[in-house]
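Asker: Return atomic coordinates for the entry below.
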Amino acid sequence: MDETRREGIEEAVPAAATTAGPRIGQDEWVARSGERRGGRGGWLGMLEARLRSVPWWVWLVLFVCVAALLPVGFESGYVRRIAFDTVIFILLALGLNVVVGWGGLLDLGYIAFFGVGAYTYAVVSSDKFDLHFPSYASIPLALVVGGIVGLLVGLPSRRLVGDYLAIVTLFFFQIFLAVTNNGENIFGGDLTGGPNGIINIDPLSLFGRNLPISTDGIFNVAYLYVALAFFAIVFVALRLANDSRTGRAWRSLREDPLAAEMMGMPVSWLKLTAFAFGAAVAALSGSLVTALNASVFPQTFEFPLLITIYTMVILGGAGSQAGVVIGAVLISVLLEVLREPGDARFLFYFAGVLALFGALKLSVRLAVVLGGTLALGFAAHAVAGRIDDAWTSGVPNGGGKLAGWVSDWVIVPTKLAGWITPTSYLLLVTVILGLTLVKGRLRIALIVPTLYLAAFVWENVLLAKPEPTRFVILGAILVAVMIARPEGLLGERRVEII
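Answerer: Sure, this is the predicted structure:
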């Protein structure tokens, strides 16, 4: 096309059509999908954009440095052990993110791979069979065995999706539990020790020297540094895998397996590699935990642990490495805070007030709700005390700064009747569900008794049983995240054309 003819065409086509109008071969709605991803507005959106612009390796180095300096600021062995457990949670969340977040596979047998790594290390580095492999051999062996088992589990599952895949992996999980609990008599021999597990397991060894688990009764911080080193290696390796052709194919498999297969992608092989990668990371985590605990028992690998890891991934954002790290840290800290009733009480009321501020903002409605809840509590406490002093003479569970104030506001009976616990709990769930069906002033009016009922259930029912309460809170977090932000903290909202 000569210059004169091209100038004539440019004059004939309006400028608006060449700049803002629809273009041939391009869907404008899809082209502007970035604007529809639910990004935050205002200063929060600007802050999030700036944080996302920082290279990932900078955040990795910063996180490792901060975690490595924790023992300097906290000499408590308890804090150091919690830091180690948090790193293990992070590794488990990263491995599950490969299967669920990148591959889009619902794996309910993931914790079994964690156990495979733990038992592999225990078998080859303990007095069980008088094998004492050094750590530089037993840990890689556990990783390889975990990956192979993941590959084998994926073989019969490569044609399954959704609920069917979940059922098969859950079946594998139950097989693992059955074998470990009854492994003291497999083919006439004792392989796993059954419910008694395996004890006297060798600790980690570096340069020919065993690392003691504790020094003068304080947790050996060297285990934390070893875990951090493995975390950094795994994070970088998975990052490179995600940026590779395999990683892009995993994401295609997650979005639409049928479309990926029609485009010539080896869907079955992609599923197998996702299972193998995730299982290997889980097995690595299991070997590290076993080396520290010097023992392994089948009770460690129960279903609540699977729920915990899934909560970390969903909260942080499935598919986001940084997100699952943040989710693992938050949930790990939360679980420890909920162990102490005094700390759990402060967290409960602080989170409640924060949620009210987020929902009602600084408004007259907020003042009405807070004032009404306080007034209702003091009035109910006074009336109950007048009727029967035993209704308000109970002592709140645990201590803490809020315990004294709570005892004057929430009805805490000396002895709670057996029927009150299930009744109040079910009533609270019913009222919360009912709030979703009403709007306007009626909802504001119902929030007041609902908040006080929640405080009553918390003080009299949930704080009395901290272990189940922790998982009730995890369930509430899952529900809240799925409603408010389904993509998680750092996940990306999907854009679909129906």
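Asker: Identify the residues contacting residue 330.
Answerer: By C-beta atoms under 8 Å, 6 or more residues apart in numbering, the contact list for residue 330 reads 312, 315, 316. All C-beta spots, glycine's among them, are computed from the backbone N, C-alpha and C.
Asker: On the three-state scheme, it is what?
Answerer: helix (DSSP: H, G, I helix; E, B strand; the rest coil).
Asker: please renumber so the chain begins at 90
Answerer: New numbering, starting at 90: the last item is residue 419.
Asker: Hmm, residue 465 is touching residue 537, no?
Answerer: Yes - assessed by C-beta atoms under 8 Å, residue 465 is found in contact with residue 537 at 5.8 Å.
Asker: Looking at these two, which is more packed in?
Answerer: residue 537 (19 against 16; other C-beta atoms under 10 Å).
Asker: Ramachandran angles for that one?
Answerer: Backbone torsions of residue 537, given as degrees, to the nearest 10, read phi -60, psi -60.
Asker: repeat for residue 215
Answerer: According to degrees, to the nearest 10, residue 215 has phi -160, psi -180.
Asker: Excluding covalently adjacent residues, which one is nearest to it?
Answerer: The spatial neighbour of residue 215 that comes closest, neighbours along the chain excluded (C-beta to C-beta, 6 or more residues apart in numbering), is residue 290 at 4.3 Å.
Asker: Would you mark the buried spots in stretch 353-360?
Answerer: Of the residues in stretch 353-360, 354, 356, 359, 360 count as buried by neighbour count, 16 or more other C-beta atoms under 10 Å.
Asker: quick one: low-confidence parts of this structure?
Answerer: Counting by pLDDT under 70, the chain shows low-confidence ranges at 90-131, 133, 276-277, 305, 582-587.
Asker: so where's the longest helix in it?
Answerer: helix 356-382 (DSSP state H).
Asker: what helices or strands is it leaning on?
Answerer: helix 166-185, helix 199-213, helix 224-243, helix 310-332, helix 334-344, helix 346-351 (3 or more C-beta pairs under 8 Å, 6 or more residues apart in numbering; DSSP states H and E).
Asker: still on that earlier bit, out of the contacts of residue 419, which one sits closest to residue 147?
Answerer: Proximity of those to residue 147 (C-beta to C-beta) peaks at residue 405, which lies at 18.5 Å.
Asker: Can you give me every residue that contacts that closest one?
Answerer: Contacts of residue 405 by C-beta under 8 Å, 6+ apart are 182, 411-417, 419, 577-580.
Asker: one more time with 6 Å, if that's ok
Answerer: 412, 413, 415, 416, 577, 578 (C-beta atoms under 6 Å, 6 or more residues apart in numbering).
Asker: For it, which non-adjacent residue is spatially closest?
Answerer: Using C-beta to C-beta, 6+ apart, the closest residue to residue 405 is residue 416 (2.8 Å).
Asker: for residue 372, same thing?
Answerer: Residue nearest to residue 372 in three dimensions, not counting chain neighbours: residue 235, with 2.3 Å by C-beta to C-beta, 6+ apart.
Asker: I'd say that neighbour and residue 202 touch.
Answerer: Yes - assessed by C-beta atoms under 6 Å, residue 235 is found in contact with residue 202 at 5.1 Å.
Asker: Overlap of the contact sets of those two?
Answerer: Listed as contacting both residue 235 and residue 202 by C-beta under 6 Å, 6+ apart are 368, 372.
Asker: I am finished for the moment; much appreciated.
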